[in-house]
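# just to be clear, the model below is a prediction. Sequence and coordinates:
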Amino acid sequence: MRPEFNYGGQAVIEGVMMRGPDALAVAVRRPDSTIVIDHKPVSSITSRIKPLKWPMLRGVVVLFESLIVGLQALSFSANQAMEGEEEELTARDIAITMALAFGLAILLFVVVPTGAAHLLNRWVHGSILQNLLEGLIRITVFLAYVVAIAQMNDIKRVFCYHGAEHKVINAYEAGEELTVERVQRYSTYHPRCGTSFLLIVLVVSILVFAMLGEQVLWWRILSRVLLLPVVAGISYELLKASARYQNNMIFCILAAPGKWVQQLTTGEPDGNMVEVAITALKAVLKEDRGEVSVR
């Protein structure tokens, strides 16, 4: 057993993906109420290229690998939830999907906030105030986006599975017996959640971009894109620190906004959803080499 490894995952369509050091598993509730599991071995490029484990670099690697694994898990869950035949994502499919998602993110969270702050520069003077305004616009766009998609019924169910994932991980890390009744006692909040990571990214970006001073619009936008790996690396280290030092007042303050936003991206799951999340985690624990059995 490797107690230092932080198990986790993500919600997918009518299911949950869980990942361990040696394996990942996707459990999905099919329309006929049965649970289907897809489990496979997994490894990180950091196991072969040691420098990628260094602080600042590892956050970028984790983010990139999580995007690929997440897209594959979503593809599997979509096919199972619709009772269609499984169609594996090809490398071309993954590349196109990631490019489109990245393009949309750049538009919403870089171009729009940066352009809006630039248009308001006649009323807001100084690079520090302009970057603060840009950051506030970026956070507002992010929160508006989350609130908007949360109104969709399908997304509401995904958010409930997100809550189930957090409950199961919380129970496992507390050494709890993994039964629906026991797991339901735990919180839908988890300090290592990707939602908290995104919010930290938005806050860190304000501090990093404020160091760049006055810029013309085209370079202001391009510099934000080029510095994304730096912002992601810093944010990942802060996320890990806030999870490790949960009782530290400074890190409690740092984690507080993420905890609030998680109330938007997680819902209270029913027993069937929790059962799916438990099934996914148990499958991962069984596949991981040297892992003890779960009660």
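Yep, it's here. Numbering: from 1, shown residues only.

# before we move on, what SS does the residue lying farthest from the centre of the chain have?
Ranked by distance from the centre of the chain (C-alpha atoms, centre = their mean), the top residue is residue 122, with 36.9 Å. Recorded secondary structure, residue 122: coil (DSSP: H, G, I helix; E, B strand; the rest coil).

# at which residues are the strands of the stretch 1-150 of the chain located?
Here the stretch 1-150 of the chain has its strands, by DSSP state E, counting those that start in this stretch, at 8-12, 15-19, 23-29, 35-41.

# find the residue at the geometric middle of this structure.
In the chain, the centroid-proximal residue (C-alpha atoms, centre = their mean) is residue 194; its distance is 2.6 Å.

# does that one really touch residue 9, like I thought?
No - using C-beta atoms under 8 Å, residue 194 makes no contact with residue 9, being 10.0 Å away. Just so you know, the C-beta spots here come from the backbone N, C-alpha and C atoms, and that holds for glycine as well.

# quick one: residues contacting the residue nearest to residue 67 when sequence neighbours are not counted.
Spatial nearest neighbour of residue 67, excluding adjacent residues (C-beta to C-beta, 6 or more residues apart in numbering): residue 98 at 6.0 Å. Shown in contact with residue 98 (C-beta atoms under 8 Å, 6 or more residues apart in numbering): 67-68, 71.

# how much space separates residue 98 from residue 241?
In this view, residue 98 and residue 241 are 28 Å apart by C-beta to C-beta, to the nearest Å.

# one more: residue 58?
In terms of C-beta to C-beta, residue 58 sits 13 Å off from residue 241.

# and if you look at residue 9?
When residue 9 is compared with residue 241 (using C-beta to C-beta), they lie 21 Å apart.

# more neighbours: the two, which one.
residue 9 (27 against 14; other C-beta atoms under 10 Å).

# test my guess that the more buried one contacts residue 23.
No - judged on C-beta under 8 Å, residue 9 makes no contact with residue 23 at a distance of 11.6 Å.

# low pLDDT regions in the stretch 1-150 of the chain?
Across the stretch 1-150 of the chain, the ranges flagged by pLDDT under 70 are 1-4, 83-95.

# can we see that at 50?
1-3, 85-86 (pLDDT under 50).

# which stretches of the chain form helices?
Here the chain has its helices, by DSSP state H, at 57-81, 91-106, 112-119, 127-149, 153-173, 180-183, 194-210, 217-226, 228-244, 249-265, 271-287.

# export the ones you listed to JSON lines and tack on distance to residue 45?
Converted to JSON lines, those look like this (distance: least, C-beta to C-beta, whole Å):
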{"stretch": "helix 57-81", "distance to residue 45": "6"}
{"stretch": "helix 91-106", "distance to residue 45": "15"}
{"stretch": "helix 112-119", "distance to residue 45": "32"}
{"stretch": "helix 127-149", "distance to residue 45": "29"}
{"stretch": "helix 153-173", "distance to residue 45": "24"}
{"stretch": "helix 180-183", "distance to residue 45": "33"}
{"stretch": "helix 194-210", "distance to residue 45": "20"}
{"stretch": "helix 217-226", "distance to residue 45": "22"}
{"stretch": "helix 228-244", "distance to residue 45": "15"}
{"stretch": "helix 249-265", "distance to residue 45": "27"}
{"stretch": "helix 271-287", "distance to residue 45": "20"}
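
# so which of those gets nearest residue 50?
helix 57-81 (10.4 Å; C-beta to C-beta).

# just checking, what packs against the closest one?
strand 8-12, strand 15-19, strand 23-29, helix 91-106, helix 228-244 (3 or more C-beta pairs under 8 Å, 6 or more residues apart in numbering; DSSP states H and E).

# report the buried residues of the last one.
Spelled out, it's helix 228-244. Across helix 228-244, burial judged by 16 or more other C-beta atoms under 10 Å covers 228-229, 231-240, 242-243.

# show me what that helix is packed up against.
With contacts defined as 3+ C-beta pairs under 8 Å, 6+ apart, helix 228-244 has these neighbours: helix 57-81, helix 194-210, helix 249-265.

# among these, which is nearest residue 43?
helix 57-81 (9.7 Å).

# quick one: the closest one to helix 194-210, angle?
Interaxial angle, helix 57-81 versus helix 194-210 (axes from the mean of the first three to the mean of the last three C-alpha atoms, to 10 degrees): 140 degrees.

# chain center to stretch 171-188, what's the gap?
A distance of 21 Å separates the centroid of the chain from that of stretch 171-188, by C-alpha atoms, centre = their mean, to the nearest Å.
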